[in-house]
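the following comprises the amino acid sequence and a computationally predicted model.
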Number of protein chains: 2
Amino acid sequence: MPRPLHSQQLLRPVPSDIAISDAIAPLLIHEIAAAAGILPEEVVPYGASKAKISLDVRDRLKDAKNGNYVVVTGITPTPLGEGKSTTTIGLCQALGAHLDRKVFACIRQPSQGPTFGVKGGAAGGGYAQVIPMDEFNLHLTGDIHAITAANNLLAAAIETRMFHESTQKDKALFNRLCPRAKDGSRTFSPVMLRRLAKLGINKTNPDDLTEEEAAKFARLDIDPETITWQRVLDTCDRFLRQVNVGVAATEKGHIRTTGFDITVASEIMAILALTTSLKDMRERLGRIVIGLDKKGEPVTADDLGVGGALAVLMKDAIMPTLMQTVEGTPVFVHAGPFANIAHGNSSIIADQIALKLAGEDGYVVTEAGFGADIGMEKFFNIKCRTSGLTPQCVVLVSTIRALKMHGGGPNVVAGQPLDPVYVDENLELLERGCANMQHHIRNALKFGVAVVVAVNVFASDTEREIELVKAKALEAGATAAVESSHWADGGKGAAKLGQAVVESCKTMRAQGSPFKFLYPLEFTIAQKFEAICKEIYGAAAVDFSEQAKKKMEIYQARGYGSLPVCCAKTHLSLSTDPTAKGVPTGFTVTVRDIRASVGAGFVYLLCGDMMTVPGLPTRPGFYDVDLDVETGKVIGLF
Amino acid sequence: MPRPLHSQQLLRPVPSDIAISDAIAPLLIHEIAAAAGILPEEVVPYGASKAKISLDVRDRLKDAKNGNYVVVTGITPTPLGEGKSTTTIGLCQALGAHLDRKVFACIRQPSQGPTFGVKGGAAGGGYAQVIPMDEFNLHLTGDIHAITAANNLLAAAIETRMFHESTQKDKALFNRLCPRAKDGSRTFSPVMLRRLAKLGINKTNPDDLTEEEAAKFARLDIDPETITWQRVLDTCDRFLRQVNVGVAATEKGHIRTTGFDITVASEIMAILALTTSLKDMRERLGRIVIGLDKKGEPVTADDLGVGGALAVLMKDAIMPTLMQTVEGTPVFVHAGPFANIAHGNSSIIADQIALKLAGEDGYVVTEAGFGADIGMEKFFNIKCRTSGLTPQCVVLVSTIRALKMHGGGPNVVAGQPLDPVYVDENLELLERGCANMQHHIRNALKFGVAVVVAVNVFASDTEREIELVKAKALEAGATAAVESSHWADGGKGAAKLGQAVVESCKTMRAQGSPFKFLYPLEFTIAQKFEAICKEIYGAAAVDFSEQAKKKMEIYQARGYGSLPVCCAKTHLSLSTDPTAKGVPTGFTVTVRDIRASVGAGFVYLLCGDMMTVPGLPTRPGFYDVDLDVETGKVIGLF
């Protein structure tokens, strides 16, 4: 099915992403699916060029051997990004259309918010992208919208319950929750039985409860000060960062200060990314902790009676979406959790399906968000731990631009012209900057995987610069280091990279894939955090605010100590200071606060302020976006 | 393609809606489409049982004659509803599977919010429903989510623009809006040219603008007090009715009190329902007025530069969704605007496509929201006026329960047991209550259409009661009056109703379909309003608040006077007092406020308080909803 781009299709200068996407007619998604070994009844089409894929594939192929599992990550990036998505797509195009391997790319669905703000598209770029890129960047198959709906139903359930509890006595509340049918009987709904079990009340007939039990069951007694559940919208609306709700007279003065996050920051997004089945997802959604009651006990979505409804809203979203690259390579797009307050990796389910479809000789290439200190560490310690899947190879994307910055080059700022050091040869800056790359290589090696460095080349890079980076990569222990020009040349430009990945995977398989985690789950939260900070970031010490210390104690007592940890820190430095480039040393990482995503299954530690709603600039990208009303085509989207 | 339900499928007692929907295997949507005359390339599948249908169908069949056009409406309802949707679906099942006519039902997409609150499903019910009903009531094909996204992008654009204008001088603002490219040149984007044209600035090079012109262009100077654009969510979240936004420190004290509506109340939903093409939709979206500038001039979405992006977000939503009834009748589901602050009717585009597909001998049955005084009046005066389509027949749904209430029966309250008068024979109450039905029949006749009364029968209705209603209907000028038992019996139960509709349409066609509007567009806003109140509601007089009077003057001056008017009043009475049942007389209708939906193309007059975010009850419907995690089936949804 993969079909190489012909040289006459590779225009110079490289056109805009939307122009390239528009000019290449996608294959029918049914054809892509069939070529990938997916049965027609496992395909749920959404138009002609995207489809959801049933989890039945995984069950049908449960006895097949998994393919080779490759994760694409990067050095500490500039604010412009160093091309991880583009490399992921280009590498898969190379493996499929040029090296004749069965291959799947597994990538994240981007938030729609930034599409109209400042960010470029997330479908890769140039001749290494997913098509149709407008569908990829917009509604896709509705998963993010489903998360918005589920997240906000839970939020509405919280406020409404507090409101109703404030105006009703215990008995009235219980009678409203368990009303009598026409024949006078009454029953608990299944979700209520979950709450009863949690409370240790072993009764199934509402009429059997004592007054005290009925009150305990009916009154959640949520402490408004402890609510961590926010509303979400997939829009860059900075004015929603903090809001007062309940201002209308009908809410009788129950005003509360809360906020919105962008939808991809919802815990439900992290759940979608980490879940392994419908049953597992239902349980995780029900376990979500929205805050505490006035006794300090966690209140869950199932306590509110809404876990089942959340699962219903998410039942289609659990299926990954199949699309294709410009060279017809199959691509699974599924989930896109934040890379700081969440783990920043696409879904386990998509990887599982793809690994079965790829089979022993095939390849699944997935991408981890931010730099390797963040996305890759979480890929290994959170995602692979939850899935039980074993990766063989890390592709570390490096650019000469970013390495020069780490060597002491001036600030790189989005929307401003680059300093000449970034376009002229400068071996001195570059050599110094390679230390950052080497640090990430040595980190990756700690997990027992092969490391292939991909030098994502720009037109201004010189041969001597490229050779220097490659030498430095090998020096630090990389299995291979290869330049790649997929953005301009498509899969052909990544063929050498593909070959290096094939050989590295073969070597690791021969060694029995000696993958290992950085820390055992038995470590305390503090121990896990320290392992990450010292081993991965290169910190000298860790520190905790009083609040964080207190919460850690509570979390350990509640059993959350056995969860993996997720560090929320800047991606612009190995340290927590975004201006500290290269390989900072001697620094301390301080945890300001700590929270638990109990449904998703990790504890996250806030090291700095995390922005969960981006703003729009004075001239947002939407100024250029329009519809060709004759053809229905999108204009001006990147 | 329509296939009658076999008697062995008609279970007694009639199972729950979800149980019926689950038990009947839908036909493949491709088969439904093919049988309806839709070409494979005009079908955009969303899974196996729903598909969007391309507007190309309408262009391909532009020379075909339209089918017969039937609108289903109702008498003034009880809060339980009188079964308009069920009758619409049942009638179509009868026409298709039992009377062998080519037929399409065109209905509204329901809001997802109330699905988890108190309301029943909107897919019809019993053996007259659209399947799969869970997909119908949940995400469907994402149109409402697209509206949420578009509505809130516009809201974010408003706040952000005000924020940026507050911190930037004219020149800086202009330079940010029109930045220079690397070569020093700069251009206006197409949407900016629209604003320039509006301002009467006939220049296309940013460098040619005088300082004054540049300032005029760049500074929208929105008066925050005049902003009418709200954010939306498709969730019953009463705490969002009024909110303060911008509370976070990053927004530097620019706090503003505003609110959320439920998504179906968005003007963009009304636009989707009334638009006739992509081009038309793009223009309407750009014309949306979000508020006024400090000189009192309207500020539009295109002034904010976002009209094109809104059209891009809505480009798939413009295609109606094809589904099917339990008897395989094709159903178009498209748009679901509020029936008070908007016009409460499904989309023009779906009706247009269906009428072409039905052809001269076929039937298109659509449904108008609320009672005939509201939904039907708006169907004729707003929807048919905008579309140019000519209806032949009104089906007026009546229930003996509601008529008894109008005759003086006690209050009917959702969730509370019915008073015995509603289940025992009571001809006296019923006869008195028939006046309400007769009033609606006479109203419909004013538009030059035939009226068929459908008595939606319940098990407790007696033969004498049914005969009384039928006699009263004929007395008032109905062409026919027929009982219908589609809820329990499917299409077979509506066969007599179908026959009556066929004959009525034939008669009207023979008369040349003498359809006419209630008022000409040349009337002033006040004259239009008076015509509706006196002719339709039966009011003695109309009155306007000072604010409404002032706004009317402004709207007339701005040219909005030529738009049709949309009255927002209670549906529970012909008057504005929801407790006034039967046929109230001598009352005055007072307009509290008046607003313009310039994009949708109507002016709406608020006669009473309209609730645009329903709340959740103490025990929301979501308590019963869950997923069967083994089969993936939805449990407990109605």
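Cool, got the structure. Numbers count the residues shown, from 1 in each chain, chains lettered A, B, ... in the order given.

can you list the low-confidence ranges for the stretch 401-550 of chain A?
The stretch 401-550 of chain A contains no residues with pLDDT under 70.

which SSE is whatever residue of it ends up closest to chain B in?
Residue nearest to chain B within the stretch 401-550 of chain A: A:Pro417 (7.3 Å; CB to the nearest CB). Bear in mind the C-beta positions are built from the backbone N, C-alpha and C, glycine included. For A:Pro417, there is no helix or strand it lies in under DSSP states H and E.

can you show me the helices along the stretch 51-200 of chain A?
All helices of the stretch 51-200 of chain A, identified by DSSP state H, counting those that start in this stretch, fall at A:56-60, A:84-93, A:133-137, A:143-167, A:170-177, A:190-199.

helices and strands around the last one, which ones?
Think helix A:190-199. Judged by 3 or more CB pairs under 8 Å, 6 or more residues apart in numbering or on different chains; DSSP states H and E, helix A:190-199 is in contact with helix A:211-218, helix A:307-313.

possible to save these as a markdown table with mean pLDDT and mean neighbour count?
Listed next are the helices and strands packed on helix A:190-199 as a markdown table, based on pLDDT from 0 to 100; neighbours: other CB atoms under 10 Å in any protein chain shown:
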| stretch | mean pLDDT | mean neighbour count |
| --- | --- | --- |
| helix A:211-218 | 97 | 18 |
| helix A:307-313 | 98 | 29 |
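
of all those helices, which one is nearest A:Lys52?
Of all the helices and strands packed on helix A:190-199, helix A:307-313 sits nearest to A:Lys52, with 15.2 Å by CB to CB.

pairing partners for the helix or strand just after the closest one, with directions?
Once helix A:307-313 ends, the next helix or strand along the chain (criterion: DSSP H and E) is strand A:321-325. Take DSSP bridges as the rule and strand A:321-325 pairs in its sheet with strand A:51-53 (antiparallel), strand A:128-131 (antiparallel), strand A:330-333 (antiparallel).

most tightly surrounded among the ones you listed?
Highest mean neighbour count of those: strand A:128-131, a mean of 30 (counted as mean count of other CB atoms under 10 Å in any protein chain shown).

off-centre distance for that strand?
Here strand A:128-131 is found 19 Å from its chain centre; the criterion is CA atoms, centre = their mean, to the nearest Å.

can you list the residues of the stretch 1-150 of chain A near chain B?
Residues of the stretch 1-150 of chain A lying close to chain B (CB under 8 Å from any CB of the partner chain) are A:44-48, A:52, A:112, A:116, A:134, A:138-139, A:142, A:145-146, A:148-149.

what is the nearest of the residues you listed to chain B?
Of the residues of the stretch 1-150 of chain A next to chain B, the one sitting nearest to chain B (CB to the nearest CB) turns out to be A:His145, at 3.6 Å.

please identify the most buried of the helices of the stretch 51-200 of chain A.
helix A:84-93 comes out most buried of the helices of the stretch 51-200 of chain A by mean count of other CB under 10 Å, with a mean of 31.

list the contacts of the closest residue to A:Gly415 other than its chain neighbours.
Excluding the flanking residues, the one nearest A:Gly415 by CB to CB, 6 or more residues apart in numbering or on different chains is A:Val118, at 7.6 Å. Counting by CB atoms under 8 Å, 6 or more residues apart in numbering or on different chains, A:Val118 makes contact with A:Ala414, A:Gly415, A:Leu616, A:Pro617, A:Pro620, A:Gly621.

now swap in A:Arg60 and tell me
The contact partners of A:Arg60, by CB under 8 Å, 6+ apart, come to A:Leu39, A:Glu42.

A:Ala301 too?
For A:Ala301, the contact set (CB under 8 Å, 6+ apart) comprises A:Leu154, A:Ala157, A:Leu285, A:Gly286, A:Arg287, A:Ile288, A:Ile290, A:Gly307, A:Leu310, A:Gly599.
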